[in-house]
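K.L.:
Just the structure for this:
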Amino acid sequence: MPVKSEEPLATNKAWKVVQYDTTPIMSTYLVALVVGEFDYLEDKTEDGILVRCYTPLGKQDQGRFALDFAVKTLPYYRDFFSVAYPLPKCDLVAVQNFAMGAMENWGCITFRETAVLVDEQNSSAASRQRVALVVGHELAHMWFGNIVTMEWWTELWLNEGFASFVEHISVEKQFPEWKIWNQFVDDFFSSAMRLDALKSSHPIEVPVGHPDEVEEIFDAISYEKGASVIRMLFDFLGEEGFKAGLSKYLKDFEYRNATTLDLWRHFEAATGKPVSSIMSDWTRKKGYPLVDADIEYKDGNAILHLRQKKFSLSNEGESDLWSIPMTMLVLPVKAEPGVKNQTVQHMMNKPADNFTIKNVQPNQPILVNSNLIGFYRVKYSDQLLQLLIPHIATGSLASLDRMGIQGDLMALALSGDGSITTLFELWRSAYKVHEQDPIVWQNILTHVGRLSALFAYTDVFEQYQKFAQDLLLPVLKSIGWSTKEGQGHLEALLRESVLDRLVKSGHLETVAEAQKLFEKYHGGDKDIPSEIRRAIFIATAAHGGREGYEKLLAMYKKCELQEEKVKLLISLGWTAEPDLVQKTLDMALTKDVRSQDVFYVLAGCSHSVEGRERTWEWMKLNWAPLKEHLHPSLLSRGLQSVFGNFVSEEKAAEIEEFLKSHKLEQGERAMEQALETIRIQARWLKRDGAGAQKWLQTQTFSA
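P.N.:
Numbers count the residues shown, from 1 in each chain. Below you'll find the model as predicted:
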């Protein structure tokens, strides 16, 4: 709340007494008092709310982007929710060392520097986008979490899932050219699906019996899956029905606690649709379905044969049943861009379903889960997949549908329901050269990077890197090293990712150009685009020897922009010199690295097979100081970054045994998930590795 009065302390004039206005009724976890020296910028919303962005001294201008975004977002949320922001002011405060990304204290929101500060000259497109999303997220909490608070931590997703959904609405409003909902699918939707395919996942509504368990559920299920099922519900209800139910819910529970069921009832009252019976499947059950789809053409119609089962990367035979709202597309036989497709709606609520679509010619393909609205995966029969492939290559399928087909194939390969070589063939035939959407390529790059870490444990790692280069070099040729005419935000994001992957794969020409650009940047050329700096730093660390490492280390120690310090810190772990990897690890527990940033040291140093082993040994030796130095959530995250790419049952057993005698205060569930992931990867290599190796050995690559 604003300051009501200030006066000297009567008994000691060196002190003063500050009195603040009375807050509304609020939850105690939302109270914050920030003491320190700050600069600030301020502005007012169209309805007179004072908004300030507080920054560390000397960084005042870096608060402008977040301030402008907040000033426009508060009135937009007021109109979207039909509920006014109730406080006279809203402060955004950049905190120099902060375990969390941000915290929605009411009217006094705290952030890491990288989540709220933007340097107009030196921040990348990715950083600007992150700031917009995080500020949008925290401001959404002023309604979801603050005006209405969950009844108990079991309902955490009411806070985090809704804020994660609404943040994208605010960014879409101000930056429609970012295509943020397509990015949502690449990022949030895909992240939730990866975690929720584990046996060690949990339902969105998860019982919480002890405060120590609360930290465990601040994860991709509460945030990303929560937002994904809300997106599915939004599509099911329509915008007007969704907004009407939401507004009534916020007004009825203003300054009170609420449950998920309360929200469902308000949506039902607003729309007349059976929200509770459908949505309970998605919030109270762990995991999600895999829908098998096959097609039969008969008498001028198509009969779609559908079967659902629980999808699991561990493939341990767990069973469940969901009510699945489906949107399907009937495509023309000939793949042509611009042809309007027929949309078909269907509700699948039984294990097997034979669904007839009338007036369908033989060989007309049907796409299941249009625009990836539904939170489920699809396994097409060979016949259906072959019919869909020409529509991928010509771009006559929407970008999210092209993203979804290859994303599902990747997951099916890891679970044992498919083969990785099917995906490799599809990437080469239907995506390479043909695919023009930067967001689809971002999704492909995620899979390419994950597979790179796994193939590092095989004899064909070099061939896999050649395959990745062959796939990605046409993208680099198209996107370029710097902005071309007609390119914008999305191309900048892709440029950062594709250069990063090509440098990490050791592509010689890309590495040489990156090293040349680094020397220019190190020499004072500030025109080097911010989005390629991580790639040029990694190239210098990995291929520049000791001299390159020392240059990067000196730059890190001098750098004032936190965003760039993080990039430099990650790159130091990419040195090829074992003693310098050790030096970087040892630096993690010194004053040179903020505790919030130790994760980046661990991630950088564990990028390779040898580095991963070295980092794990270092963590075991330094377990006590790590536990003392790091917030429990940061230690858990650091462990996951190191464990995540191990690929043997022996390593999983070793880590499991260590953790029995070295307990974490929080993060037991996260460790279960990390260990399960190791075992999934070990099984995949054992099952699919030989076939993948044979395929790679028989290919010729131009890279």
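
K.L.:
Checking residue 42 next. Helix, strand or coil?
P.N.:
strand (DSSP: H, G, I helix; E, B strand; the rest coil).

K.L.:
how deep is it tucked in, by neighbour count?
P.N.:
Neighbourhood size, residue 42 [other Cβ atoms under 10 Å]: 14. (C-beta placed from N, C-alpha, C; glycine too.)

K.L.:
Can you tell me how far the spatially closest residue to it that is not a sequence neighbour is from residue 201?
P.N.:
Closest residue in space to residue 42, ignoring its immediate chain neighbours: residue 52 at 4.4 Å, by Cβ to Cβ, 6 or more residues apart in numbering. Separation of residue 52 from residue 201 (Cβ to Cβ, to the nearest Å): 40 Å.

K.L.:
what does residue 581 give?
P.N.:
Noted for residue 581: a distance of 33 Å to residue 201, by Cβ to Cβ.

K.L.:
One more: residue 633?
P.N.:
Counting by Cβ to Cβ, the gap from residue 633 to residue 201 is 18 Å.

K.L.:
longest helix anywhere in the chain?
P.N.:
Counting residues, the longest helix found in the chain (DSSP state H) is helix 668-697.

K.L.:
and residue 408, what does it touch?
P.N.:
377-379 (Cβ atoms under 8 Å, 6 or more residues apart in numbering).

K.L.:
wait, which of those is closest to residue 220?
P.N.:
residue 377 (16.0 Å; Cβ to Cβ).

K.L.:
I figured that closest one hits residue 290, correct?
P.N.:
Yes. Contact criterion Cβ atoms under 8 Å: residue 377 and residue 290 qualify, at 4.9 Å.

K.L.:
Quickly note the distance from the closest residue to residue 580 other than its chain neighbours to residue 577.
P.N.:
In space, and not counting its chain neighbours, residue 580 is closest to residue 549: 5.2 Å by Cβ to Cβ, 6+ apart. For residue 549, the distance to residue 577 (Cβ to Cβ) stands at 7 Å.

K.L.:
okay, these two: which has more neighbours?
P.N.:
residue 549 (23 against 14).

K.L.:
Which residues does the strand or helix carrying that one contact?
P.N.:
Using DSSP states H and E, residue 549 falls within helix 545-558. For helix 545-558, the external contacting residues (Cβ under 8 Å, 6+ apart) are 515, 518, 522, 537, 540-541, 544, 565, 568-569, 571-572, 575-577, 580, 592.

K.L.:
quick revisit: if I pick the residue nearest to residue 42, what's in contact with it?
P.N.:
40-42, 67, 89-92.

K.L.:
Generate a ChimeraX selection restricted to the buried subset of those.
P.N.:
Here the buried members of the contacts of residue 52 are turned into a ChimeraX selection, burial being counted by 16 or more other Cβ atoms under 10 Å:
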select :41,67,89,90,91,92
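
K.L.:
Dump the contacts of residue 52 into JSON lines; add pLDDT and distance to residue 100 as well.
P.N.:
What follows is the contacts of residue 52, written out as JSON lines (pLDDT from 0 to 100; distance: Cβ to Cβ, whole Å):
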{"residue": "40", "pLDDT": "97", "distance to residue 100": "21"}
{"residue": "41", "pLDDT": "98", "distance to residue 100": "23"}
{"residue": "42", "pLDDT": "97", "distance to residue 100": "25"}
{"residue": "67", "pLDDT": "98", "distance to residue 100": "21"}
{"residue": "89", "pLDDT": "96", "distance to residue 100": "22"}
{"residue": "90", "pLDDT": "97", "distance to residue 100": "18"}
{"residue": "91", "pLDDT": "97", "distance to residue 100": "17"}
{"residue": "92", "pLDDT": "98", "distance to residue 100": "14"}
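
K.L.:
Poorly predicted segments of the stretch 551-700 of the chain, please.
P.N.:
Residues of the stretch 551-700 of the chain meeting the criterion pLDDT under 70: none.

K.L.:
now the helices for it?
P.N.:
Using DSSP state H, counting those that start in this stretch, the helices of the stretch 551-700 of the chain run over residues 562-572, 578-587, 598-605, 609-621, 623-629, 632-643, 649-661, 668-697.

K.L.:
How many residues are close by the spatially closest residue to residue 581 that is not a sequence neighbour?
P.N.:
Nearest residue to residue 581 in three dimensions, chain neighbours excluded: residue 605, at 5.4 Å (Cβ to Cβ, 6+ apart). Residues within reach of residue 605, counting by other Cβ under 10 Å, total 26.

K.L.:
The closest residue to residue 571 other than its chain neighbours is in what secondary structure piece?
P.N.:
The shortest distance from residue 571 to any non-neighbouring residue, by Cβ to Cβ, 6+ apart, is to residue 537 (3.6 Å). According to DSSP H and E, residue 537 maps onto helix 533-543.

K.L.:
what sits against the residue nearest to residue 581?
P.N.:
573, 581, 584-585, 611, 614-615, 618.
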